[in-house]
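In: heads up, no residue letters with this:
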Ligand code: OFO
């Protein structure tokens, strides 16, 4: 059985993961409106991943005898002044997620909840990738500012990203299938 303190912090985080999905889904709409379909695709995959991150925690809480509490999700921004601004927003957001996940890992260690320590480790590793992915694209977008046509090439690259179900037990729930 999970402690009340850890139940609360996991609930807060699963809601934050859905908030992440909301931000990225708003970016999908923004990029589609701008005709940047590759960027929209990349953000759609990101949205699906976040839904899985949240639902992995949701399922885990139930497995540990906790109660899932869904909160109201704040409205995300509607538009960004450039693709670079959107990816900078994504990177800053992921840095916040990393801090939150590290806090959960520290709390699990404090309580000697070895099961949660083990579970949250996947998220710790995932955050390294999440930050690196955004940073890599920020680097490309900064270079693209000086080269005409480069944005089009990046858009083509981002169009090939495909969703892969993360290896988190989802308890039969498949939010990753959201189209
Ligand atoms: Fe973007 O990361 Fe979830 O956890």
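Out: Arrived safely. Because the structure is predicted, anything quoted here is derived from the model rather than measured.
In: tell me the secondary structure for the most far-flung residue of the chain relative to its centre?
Out: Residue farthest from the centre of the chain, counting by CA atoms, centre = their mean, is residue 148 at 30.5 Å. The local conformation at residue 148, judged by DSSP: H, G, I helix; E, B strand; the rest coil, is coil.
In: separation between it and the ligand?
Out: Going from residue 148 to the ligand by CB to the nearest ligand atom, to the nearest Å gives 31 Å. Backbone N, C-alpha and C define where each C-beta goes, glycine included.
In: cool, residue 157 as well?
Out: For residue 157, the distance to the ligand (CB to the nearest ligand atom) stands at 20 Å.
In: can you check residue 12 too?
Out: To the ligand, residue 12 is 13 Å away according to CB to the nearest ligand atom.
In: Tell me who's in contact with that residue.
Out: Residue 12 sits next to 71, 100 when contact means CB atoms under 8 Å, 6 or more residues apart in numbering.
In: Residue 134 is in what secondary structure piece?
Out: Using DSSP states H and E, residue 134 sits in helix 114-144.
In: Counting by contacts, list what that helix packs against.
Out: Where contact means 3 or more CB pairs under 8 Å, 6 or more residues apart in numbering; DSSP states H and E, helix 114-144 is packed against helix 37-63, helix 83-110, helix 150-158.
In: Make TSV from these and add mean neighbour count to it.
Out: Shown next, in TSV, are the helices and strands packed on helix 114-144 (neighbours: other CB atoms under 10 Å):
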stretch	mean neighbour count
helix 37-63	22
helix 83-110	17
helix 150-158	16
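In: and residue 59, what does it touch?
Out: 168-171, 173.
In: Kindly recompute the last result at 6 Å.
Out: Counting by CB atoms under 6 Å, 6 or more residues apart in numbering, residue 59 makes contact with 170-171.
In: likewise residue 127?
Out: Contact analysis of residue 127 by CB under 6 Å, 6+ apart lists 98, 101.
In: Next, the buried residues of stretch 126-141.
Out: 126-127, 130-131, 133-134, 137-138, 140-141 (16 or more other CB atoms under 10 Å).
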